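S.K.: Predicted model and sequence follow; I will ask about them next.
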Amino acid sequence: MALVFAMWIGTSVVMTDAAVAAWVTSAAAWVTSAAAVVAAPMPPAAENVLLEDVPEDAGGALFVRWTTPDPSSSAGVVIERRSTDAERAKDPNLLWIEVARLGRDAVAMQQSVHVLSELSNAEPTRVRVSIIGADGELSEFVESEPLAPSVTIFSISRLPLFFVVVVVSIAVLGWVVAARMGASTRIRRIAALEAVDEAVGRATEMGRTVLFVPGIQDMNDIQTIAGITVLGRVAKTAAEYDARLEVPTCRSIVMTAAREAVQSAHLAAGRPETYSEGNINYITDEQFGYVAYLSGQMTREKPAACFYMGAFYAESLVLAENGNSIGAIQIAGTAEPSQLPFFVAACDYTLIGEEFFAASAYLSGERDQLGSIKGQDVGKALAVGSILVGTMLLTVGALLPDSVVGSASGYIGTVIRTFFGG
Amino acid sequence: MLQRTIPMLILSASGLILILAYFSPVTVVWSDTVVAWFNILAGVAFVLGAGNLLAVNLEKISSRRPGWAYAAITLVSFGAMLVVGLGKWGAVPNPAYPDVHLAGDQDSTQSAYGWVYEYVLSPLTATMFAMLAFYVASAAFRAFRAKNIESILLLGTAFIILLAQVAAGAFLTNWIPEGEWYSFLRAERLKEIILNVFQTSGMRAILIGIALGTAATSLRLILGIDRSALSKG
Amino acid sequence: MQPRKEQLPPGIRGLLVRLGRIDRRWIYLAVAVAIGVPMLAELRLPEVPEKKARATFEAIESIPEGSIVLLSFDYDPASEAELEPMANAMVHHCASRGHRIVFMALWPLGKQMADKTIDSVLKYYHPDKVEGVDYVQLGFKTGNEGVIKLLANSIDGAYTTDAAGKAISEIPLLANVRSVGDFKLVASISAGYPGAQQWVQYADSAMPEAFKLIGGTTGVQSSQLLPYFPTQMEGMLIAVKGAAEYETLVTEKYPVTESPERLGIGRERMGPQLVAHLLIIALIVLGNISMLAARGLKGGAR
C-alpha cells in the first residue's frame, strides 16, 4: 500500500513537474506570441464595405467596394462570400467561402473595387473583407449589407443610339415603301459603277479574263457580303458579254457564297451553260499568301479588268500596282478608310465607303433598293444636323463664362434625367 | 423556294439577335451562340476549302496547264505542312506528359513545324509586306501630280507629313521657338494639326457614311429586300 | 506601217519628259539603295518623344507596381517590322516596373510573335521572372471580337488552359483574375482586324473605367484609332516612329547594359526611313517637273 502510495506521490510529483513544465512551455509560447502580436498589431480593418450591382449586364456580377485606411502598411486583401443555401445544405459548416485573395495592387489606393462574378441572381449575396497586413496578419472582417445582382433588360446608356437606329431604320423602310408606291428614286451618277459595263466589255474584246477579288475577310464581314452582292451583278454582265470571270477567294465560305451568286447570275442572264464552278476557287486564308497568288495570276494571265470589292488591308496597294503594271482597268470598292488612299491613287475608279454599299442596289436598278439608299441619306442629314448643333454649342460654351455654361448644362441635364425618370 | 427561304430566315434571325444583344444584356448569351455557330461553320468550311485546293491544283498538274509547276509546289507544301503539323515531327516533349508524343510543343524551331514557320513562312510574309515600300514609291511618282488645287493641297500635306515623320522635320523647323504665335509651324505641331484636325475629321466623315451604308445594307439583307447574296432560285 | 515615234523636245525638257516616264524598275532600285545603304551604314538619329509616346509611357508608369497587365499580340510577321520594336519595349517596361504580364493573341501567328518577344526580351533581360507567377502565355484564340466579348464577361469563357495546356485554375498569376476588368492595363499591339479598335469597342466600352487601354498600331491603321486618343485610349504608339520614341523613354528610365540593340530596333530603322522619305519627296517633285515639261506636247503628260 505504502509502495502504491509512494508511486502515486512520485507519479504525481513527476506528473506535476511535467505539468508544470508543460505549463511553463506553453506560457512561454503564449508570451512569445503575445509579444509578436504586440510587436505587429492587427492592421486596421477595411471601411465602407459595400456591394454594388454591375450596371447593364445580364446579372451574376457585383462590385465589392471598400476603403483601405492605411494603404502603405497593407499587403493585400481577402474577400469572402457568404455561402448559399445550396452550399450549406451540402456542408453545414461552410459559412464563408474565400473568393479572392488579392495582392498589394488591390490596396494601393484607398478606394478599391473588385468584381465578383458567377453569382446567383435569385439569392442576395453578402461579403466580408479583411485587410492583410505587412506581416501577413489579417484584420477584422467587415461585412457588407446583402445584395442580389440584377438583370438589365435594356441598357439605358445605349438609349440615344437606339433612337438613332430606330430613326434610320424607319427612314430606310419608309423610303422603300415610298419607292414602291412610285416616289422618285433618282440617285446621282456613280462613275465607278457606270464603268462596270465598259470594263467587262473591254475584257471581252481583248479575249482576256475579268478578275474579281471579294476581299480577304470572311462572310461575317458586311464588306464581304456587299462584295458578293456586287459580284452577282458583275457576273450577270460578264455572262451577257460572254466574258470569263475568275473569282479567287480567301475564305472557304466566301468561295461557296461566290459560287452561288455567280451561278444565280448566269441563270438570270439566261446563260446557265456558261457557268463554270472551276473559275471560283479557294486559295488560302493567309493574307500575303493570297496576295502572292493574285500577283502571280495577274502577271501571267493579264486580266483586262480587275475588280477589288470587299475588305482589304495592306495588300490593297500590291494588288492595285500589279494591276496597273499589266494595263488592266481597275475598279475598287472598300469601306476600309486606311486603304482608300491606295486604291484612289492606283485604280481607275474607286467606290468610297458608302458608295460601295450602295453599289449592289445601284446596279440592280430595283426601286425598293434605290429607295433604301435615299433612306440612309436621312441618317446622314441627322448626323450633319447633330454635328452642326454640337459645334455651335461647344463654340458658345467656349465663349461664355464657365458659370453660365455650368448652370445651363446642369439645367439641361436635370431636364433630361427627369424626362427619362432617372 | 426552301433553298432561298431557309437561308433568309437564318440570316434575318441571326441579324436581329445580334442587334438585340447590343441593347439588351440579358440576350448576350444568344448572340454568343450565334457567333459560336459561325465559328464552327467556318471551321468545317475549312475542310471544304482544302478539298477544293487539292482538286484545282491536281487538275492543273494533270492537264499541264501553264503554270502547273506552281500547282505542284503548292500541293507539296500543303502535304508537307499537313503531315508535319498533325504528326508533330520533332516536337519538344511536354514535361507534364513526356511519354505522349502528341502533347509536345511544336512552336520552337526544334520541331519541323516551328522551323518551317521561322525560316520559311515568316520571311516570306515579311517579304511580301516589304514590297509595299517599292509600290508606294512607284505609286507616288506616278499618281501625285499637281493638276488642280485639291491635288496641290494633297501634295503639300504629303510633304509635311513625310518630313515630320522623320528627323528631317525636326532639323528643318527646330529653330522656331516654342510658345510663340508662329510655333505651330514646327514640324511636329503641323503634323499634329494635320492628323488631329484635318485627317481625323475627314476620317470621321467617311466613317459616318460607312456606318450608315452598313446599316442600310444590313437592313436590306435582314428584311430580304436584297437577296442577291443568297442561293439560286 | 510603223507607228510614228513620238517626237520629244530636245535638251533638258526632253530629258525631264523622259524621266517622268521612267520604268518603274529604276524606282524600285532607287528605293532599295535608299533603304539598304543607311541600314548598312547604321545611320542613327536622336528621337524626341512626343505626346502620344509620353502618354503611353505614363500609362504604364502610373499603375501600381506589380499590377497584372494584359498584352494582346494582334499582328503577324508581315507587320513585325513596325510593331516588334514597340512590343519589345513595352514588355521590358512592364517587367522592369514589376508588373505581371498575361500574353494573348487574336491573330493566329500572334502567339509566335509573343513567344519571340518573351524569349528575346523577357527571359533575356529579366531571367528572374517565373512563368505562371510573373507572366503567362495564353496563346491564340479564334473568334476575333468574340474573344474580347468573352473576356469581358469571364476569362474562363475564352481560355480554359494556357498555351502549354495548363489549366487556368492552376496558374497562380490568374488565381484572382476573373475577367478583363481585373487587369489594370490592357495593351493591344495590332496591325488591323481584330485589334485595338475592337478592344475599344468591345472591352473598353463595356467597362470604361476598369482598366487603362493603350494601343500600338501600324502607320496605315493609325488614322482609324486617332479619334480614340486620349479618351478611350490613354496611350497610342504609331508605327516605327512611335516605337522609336517610346524606346527612348523606356531605355532612359530602365537602361540595359547587355545587348542594348534588342531595345533599339525602332531607332535603328528610323535612319533608312529618313532617306526613303526624302527619296519619295524627290520622286514626287521630279514627276511634277516632268508633267510641267510635258505640257503642250502631243499626248500631253502621263
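M.R.: Happy to help now that I have it. Quick caveat: nothing in here was measured; it's all calculated off a predicted structure.
S.K.: Please identify the buried residues of the longest helix along chain B?
M.R.: Secondary structure of chain B per DSSP state H: the longest helix is helix B:28-62. Neighbour counts over helix B:28-62 (16 or more other C-beta atoms under 10 Å in any protein chain shown) mark B:28, B:30-32, B:34-35, B:38-39, B:42, B:45, B:49, B:52-53, B:56-57, B:60-61 as buried. Every C-beta, even on glycine, is put in place using the N, C-alpha and C of the backbone.
S.K.: give the contact list for B:Pro66.
M.R.: Contacts here follow C-beta atoms under 8 Å, 6 or more residues apart in numbering or on different chains; on that basis B:Pro66 touches A:Arg300.
S.K.: re earlier: tell me the gap between the longest helix of chain B and the middle of its chain.
M.R.: 18 Å (C-alpha atoms, centre = their mean, to the nearest Å).
S.K.: Now do it: which elements does it pack against?
M.R.: Applying 3 or more C-beta pairs under 8 Å, 6 or more residues apart in numbering or on different chains; DSSP states H and E, one finds that helix B:28-62 contacts helix A:252-268, strand A:280-282, helix B:2-23, helix B:68-87, helix C:145-153.
S.K.: now the last one against helix B:28-62, angle please.
M.R.: What it means is helix C:145-153. Counting by axes from the mean of the first three to the mean of the last three C-alpha atoms, to 10 degrees, helix C:145-153 points 150 degrees away from the direction of helix B:28-62.
S.K.: and the next helix-or-strand element following helix C:145-153, anywhere near chain A?
M.R.: Next in sequence after helix C:145-153, counting helices and strands by DSSP states H and E, comes helix C:155-158. No - on the criterion C-beta under 8 Å from any C-beta of the partner chain, helix C:155-158 is out of touch with chain A, staying 8.9 Å away.
S.K.: Same question for helix C:155-158: list its buried residues.
M.R.: Buried residues in helix C:155-158, counted by 16+ other C-beta under 10 Å: C:Ile155, C:Asp156, C:Ala158.
S.K.: so what does it touch, helix or strand wise?
M.R.: The helices and strands touching helix C:155-158, judged by 3+ C-beta pairs under 8 Å, 6+ apart, are helix C:145-153.
S.K.: Convert the helix it packs on to PDB, retaining C-alpha atoms only.
M.R.: Taking C-alpha atoms only, helix C:145-153 is exported to PDB below (Å, rounded to 0.1, in the frame of the first residue of the first chain):
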ATOM      1  CA  GLU C 145     -14.000  40.300 -81.300                       C
ATOM      2  CA  GLY C 146     -16.000  37.400 -79.900                       C
ATOM      3  CA  VAL C 147     -12.900  36.500 -77.800                       C
ATOM      4  CA  ILE C 148     -12.900  40.100 -76.400                       C
ATOM      5  CA  LYS C 149     -16.600  39.900 -75.600                       C
ATOM      6  CA  LEU C 150     -16.000  36.600 -73.800                       C
ATOM      7  CA  LEU C 151     -13.000  38.000 -71.800                       C
ATOM      8  CA  ALA C 152     -15.200  41.000 -70.800                       C
ATOM      9  CA  ASN C 153     -17.500  38.500 -69.000                       C
END
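S.K.: do it and chain B meet at all?
M.R.: Yes - Helix C:145-153 reaches chain B (C-beta under 8 Å from any C-beta) through C:Gly146, C:Lys149, C:Leu150, C:Asn153.
S.K.: List the contacts of the helix or strand encompassing C:Ala53.
M.R.: Assessed by DSSP H and E, C:Ala53 sits inside helix C:51-62. By C-beta under 8 Å, 6+ apart, the residues outside helix C:51-62 that reach it are B:192, C:49, C:69, C:90, C:93-94, C:97, C:99, C:185, C:212, C:214, C:216, C:229-230, C:234-238, C:242, C:245-246, C:248-250.
S.K.: out of the residues you listed, which are buried?
M.R.: Taking 16+ other C-beta under 10 Å as the criterion, what is buried in the contacts of helix C:51-62 is B:192, C:49, C:69, C:90, C:93-94, C:97, C:99, C:185, C:212, C:214, C:216, C:229, C:234-238, C:242, C:245-246, C:248-250.
S.K.: Just these: which are in strands?
M.R.: Among these, the members found in strands (DSSP state E) are C:Val69, C:Leu185, C:Lys212, C:Ile214, C:Gly216, C:Gly235, C:Met236, C:Leu237, C:Ile238.
S.K.: Contact partners for the last one?
M.R.: Applying C-beta under 8 Å, 6+ apart to C:Ile238 gives the contacts C:Lys52, C:Thr217, C:Thr218, C:Gly219, C:Ser222.
S.K.: and these as TSV, adding distance to A:Asp197?
M.R.: Converted to TSV, these look like this (distance: C-beta to C-beta, whole Å):
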residue	distance to A:Asp197
C:Lys52	47
C:Thr217	40
C:Thr218	37
C:Gly219	37
C:Ser222	38
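S.K.: Emit the PyMOL select command for whichever of these are buried.
M.R.: Those of those that count as buried under 16+ other C-beta under 10 Å are selected in PyMOL with:
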select buried, chain C and resi 52+217+218+222
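S.K.: Of the contacts of C:Ile238, which is the nearest to A:Pro214?
M.R.: Nearest to A:Pro214 out of the contacts of C:Ile238 is C:Thr218 (C-beta to C-beta; 23.5 Å).
S.K.: hang on, the earlier thing: arrange the helices and strands packed on helix B:28-62 in a markdown table, one row each, with distance to A:Ile190, mean pLDDT and mean neighbour count as further columns.
M.R.: Shown next, in a markdown table, are these (distance: least, C-beta to C-beta, whole Å; pLDDT from 0 to 100; neighbours: other C-beta atoms under 10 Å in any protein chain shown):
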| stretch | distance to A:Ile190 | mean pLDDT | mean neighbour count |
| --- | --- | --- | --- |
| helix A:252-268 | 20 | 93 | 23 |
| strand A:280-282 | 26 | 94 | 24 |
| helix B:2-23 | 26 | 88 | 15 |
| helix B:68-87 | 37 | 92 | 14 |
| helix C:145-153 | 31 | 85 | 23 |
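S.K.: looking at the ones you listed, which is closest to A:Trp175?
M.R.: Evaluated with C-beta to C-beta, the helices and strands packed on helix B:28-62 place helix B:2-23 nearest to A:Trp175, the distance being 19.7 Å.
S.K.: Does chain C have contacts with stretch B:86-106?
M.R.: Yes - Stretch B:86-106 reaches chain C (C-beta under 8 Å from any C-beta) through B:Asn94, B:Ala96, B:Ala103, B:Asp105.
S.K.: Look up how far chain A lies from the last one.
M.R.: To chain A, B:Asp105 is 22 Å away according to C-beta to the nearest C-beta, to the nearest Å.
S.K.: Now do the same contact list for the residue nearest to that residue when sequence neighbours are not counted.
M.R.: The spatial neighbour of B:Asp105 that comes closest, neighbours along the chain excluded (C-beta to C-beta, 6 or more residues apart in numbering or on different chains), is B:Val92 at 4.8 Å. B:Val92 makes contacts with B:Gly104, B:Asp105, B:Gln106, B:Ser108, B:Gln110, B:Ser111, as judged by C-beta under 8 Å, 6+ apart.
S.K.: May I see those residues organised as a markdown table, with pLDDT added?
M.R.: Below are the contacts of B:Val92 laid out as a markdown table (pLDDT from 0 to 100):
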| residue | pLDDT |
| --- | --- |
| B:Gly104 | 82 |
| B:Asp105 | 79 |
| B:Gln106 | 81 |
| B:Ser108 | 75 |
| B:Gln110 | 82 |
| B:Ser111 | 89 |
